[in-house]
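[1] only the shape, not the letters, is given here:
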């Protein structure tokens, strides 16, 4: 039976089309859709269990995978099949998850799995910008409870013109790269990087994205209507006890308010709330506690949240006693680790990051191998968040999605400040040693200091700040440098990084509907003041990058070499280059460029004498004597028919001085005139037409005897 297929078309501002299709593939999924743009095709399916999970949160899994067959490629590795997701795939999962998660009902605890697969790839279409549209379309077509459709788009800017979902070529020229996620009436997520743009330019880009998103949401509604909207399923909602909620509110609200108003440190505050919770439970009988179950904790947390939010809205006081625009105390230190190429500590309040810098060659670049993109990163940042940083003990199970996401944000913040002529591959690692709010922004600050300590000539220092929001619809407070609790209890987490000239990266998650652009602009302006304050602290620690790398750090020298000389430099089986590396202690990397017919030799070493020895070898190899010029040479071998001499200015570059060119008089035995180690001068005559070999002469520089 031929399936009935339903489609909807979306026209982008530049005339390109996105097509939504359902009814043809994966019909046993609770919702499925194919999103097409050019030759790119994404298949998205969603399935949700009908039984609620035994957890107090939404067990949502968003999975995005790019199939290598989609681009006509083979996966790498021994097994030649797709395995664990790449960093790029994980980052796409995160930007989709962050928009979807708040739109499921709070009491919906059935397991949900959203799977998005790149089935066909068009090199002119960047697929991650379509993933949010695909996920929302599939959910909207299902019977799963979901508040409203959403979509996501990428915004680029080329020559001052904003573009929705730019092509790969446009993307390479763009000075803005942000992905915006939104519903019809609210912006919910922003993530991306900019080339030091202003706050006003960022707002314009978000508004531009939102207008396009509204069109994509309308297409989803039309597709659902034409294909037949399924009735939303019923599920076991969380039990309520309004009477208990009021009892708990009356008992603890004022006490929660008082604890919050004390302005204490994290551990002290946590202990106070824990004691209050125990007092609350002790006020009930054992029978009542058994009957109430988890509701006591649920309502306690609800009242606690209400009290903390009201304190900020009514009195402008925060959990740690700060004002809304106040930044926590900061202290910084550089050159903390003696053996690293660069290091720093950045501590802000109860958040601390220890950053290190490692310098390497192009061989150390981070390889990107995805069906939709291949390349290398010569600057990259890794972020580690061990359990001890929050006073917890839990097993380590590899790098988490959160660590990858936070590291990527910090990398985006800093990478634009690395000079284009930086000869090194640069790796920054941030170890979070303490965490109570915005460790990713601490990573940006620590990374800036460590780069400057390492002698990387960054264009300008970068600082970062996390902004929060508390709003009840009528009143609002924008919070600078939020705590972990303020992130959890608040309505927005907006991380912004930048230099003194403008914004370099951002990441925003909004938990409430209808956030006005007026409040968003206020948050950006307040963030600018905070960023500049933090920059002052960074500059007071180290005013400008160190002029040179550390004595124990590797020095990098690059030298161009014609491709024809690369083979002789490497030697048969790599013998020459391997021996040279062994003798000099340098790492030597050669990259060929067929377009320019030149290779680039990278020399990395801590010993200048070793580097000079490699450079001397290259100079020797490239040495080309000029016809009729005179050169000093050294005798290195005596033969019956002449002597092998080596150019003094190009050691290793040898030529035969024939016995007939040693002197005007007949030379019967070379050893009668020359011995090994002698320094003599010769004249260069180029290629001899008779022997087809290079010709040099000593006698040409000697006075010619008069004929007798």
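    On my side now, so go ahead. Quantities reported herein were computed from a predicted structural model and do not represent experimental measurements.
[2] going forward, measure contacts between C-alpha atoms and count neighbours the same way
    Fine.
[3] would you list every one of the helices in the stretch 601-708 of the chain?
    All helices of the stretch 601-708 of the chain, identified by DSSP state H, counting those that start in this stretch, fall at 608-622.
[4] show me where it has strands.
    630-639, 642-647, 654-658, 679-687, 694-697 (DSSP state E, counting those that start in this stretch).
[5] in which helix or strand would I find residue 276?
    Using DSSP states H and E, residue 276 falls within helix 266-282.
[6] so for that helix, mean pLDDT?
    For helix 266-282, mean pLDDT rounds to 92.
[7] go on, stretch 51-71?
    Averaged across stretch 51-71, the pLDDT comes to 91.
[8] now do stretch 81-100: distance to the chain's middle.
    Offset of stretch 81-100 from its chain centre (CA atoms, centre = their mean, to the nearest Å): 14 Å.
[9] which residue, neighbours along the chain excluded, lies closest to residue 378?
    residue 425 (4.5 Å; CA to CA, 6 or more residues apart in numbering).
[10] pretty sure that neighbour contacts residue 379?
    Yes. At 5.9 Å, residue 425 and residue 379 qualify as touching, with contact defined as CA atoms under 8 Å.
[11] point out where the stretch 551-700 of the chain drops to low pLDDT.
    Applying pLDDT under 70 to the stretch 551-700 of the chain picks out residues 594.
[12] before we move on, the earlier item: can you get me a residue count around the residue nearest to residue 378?
    Using other CA atoms under 10 Å, residue 425 has 18 neighbouring residues.
[13] that one bridge partners, please.
    residue 360 (DSSP bridges).
[14] okay, strands next: where are they in the stretch 451-600 of the chain?
    According to DSSP E, counting those that start in this stretch, the strands that the stretch 451-600 of the chain contains are 463-471, 476-480, 492-498, 503-510, 555-562, 587-593, 598-605.
[15] contact partners of the last one?
    Outside strand 598-605, the residues that touch it by CA atoms under 8 Å, 6 or more residues apart in numbering are 360-361, 554-563, 566, 585-593, 611, 614.
[16] buried subset of those?
    Among these, those classed as buried by 16 or more other CA atoms under 10 Å are 360-361, 554-558, 561, 563, 566, 585-588, 590-592, 611, 614.
[17] how far does stretch 507-524 sit from the chain's center?
    Taking CA atoms, centre = their mean, one finds the center of stretch 507-524 at 24 Å from the center of the full chain.
[18] actually stretch 407-416, not the one I typed
    Distance, stretch centre to chain centre, for stretch 407-416: 5 Å (CA atoms, centre = their mean).
[19] return the set of buried residues in that stretch.
    For stretch 407-416, using 16+ other CA under 10 Å, the buried residues are 407-416.
[20] got those as TSV, with secondary structure and pLDDT columns?
    Below are the buried residues of stretch 407-416 laid out as TSV (DSSP: H, G, I helix; E, B strand; the rest coil; pLDDT from 0 to 100):
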residue	secondary structure	pLDDT
407	helix	96
408	helix	96
409	helix	97
410	helix	97
411	helix	97
412	helix	97
413	helix	97
414	helix	98
415	helix	96
416	coil	96
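[21] mind putting those into TSV with distance to residue 645?
    Shown next, in TSV, are those (distance: CA to CA, whole Å):
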residue	distance to residue 645
407	58
408	57
409	59
410	57
411	54
412	56
413	57
414	53
415	51
416	52
